[in-house]
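Visitor: Sequence and predicted structure are below.
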Amino acid sequence: MSSADSLNEKIRDKRLCQLATETEGEPVTVLIEPSLAPTQVEFEVRLGQAVPSRRFIEMSPEAIQADERKIEETAAFLENELGKPPHWRRAGRVFVVDVTPQQLAAIARSPLVRNIWPNAEWRAL
């Protein structure tokens, strides 16, 4: 996969993807989604029920440990790239970080990262 493909695959926002190709620029706050096992949801539709019921399928202890290791690995990678620890948002399963264009491009190339999203809600501290 080429560097441009990696950027386009992981950074779906056009402005953010363009920023990753620049050599200079102001830091921006982004959400880094690690490559974790997806949350599984089971839906059940009952006759006469307008909204289907849903149930989150619990992960096995092994899968939980594997995800925790990936989170730790990703946090260590991000700290190495950024020079400071990233902020983990457990409920959102994302890291919130301030990145320069060069850092953004380097992070997008990592197999530890699934997606990078523009931030609209959280601020890195």
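Guide: Alright, I've got the coordinates. Numbers count the residues shown, from 1 in each chain.
Visitor: Could I get the full set of strands for this protein?
Guide: 28-34, 41-44, 53-56, 87-89, 94-99, 113-118 (DSSP state E).
Visitor: Which other helices and strands does the longest one contact?
Guide: What that stands for is strand 28-34. helix 14-20, helix 61-82, strand 94-99, helix 101-108, strand 113-118 (3 or more C-beta pairs under 8 Å, 6 or more residues apart in numbering; DSSP states H and E). For glycine as for every other residue, the C-beta is placed from the backbone atoms N, C-alpha and C.
Visitor: at 7 Å what do you get?
Guide: helix 61-82, strand 94-99, strand 113-118 (3 or more C-beta pairs under 7 Å, 6 or more residues apart in numbering; DSSP states H and E).
Visitor: what does the second one give?
Guide: Other helices and strands packing on strand 41-44, by 3+ C-beta pairs under 7 Å, 6+ apart, are strand 53-56.
Visitor: What residues of the strand it packs on count as buried?
Guide: Within strand 53-56, no residue is scored as buried using 16 or more other C-beta atoms under 10 Å.
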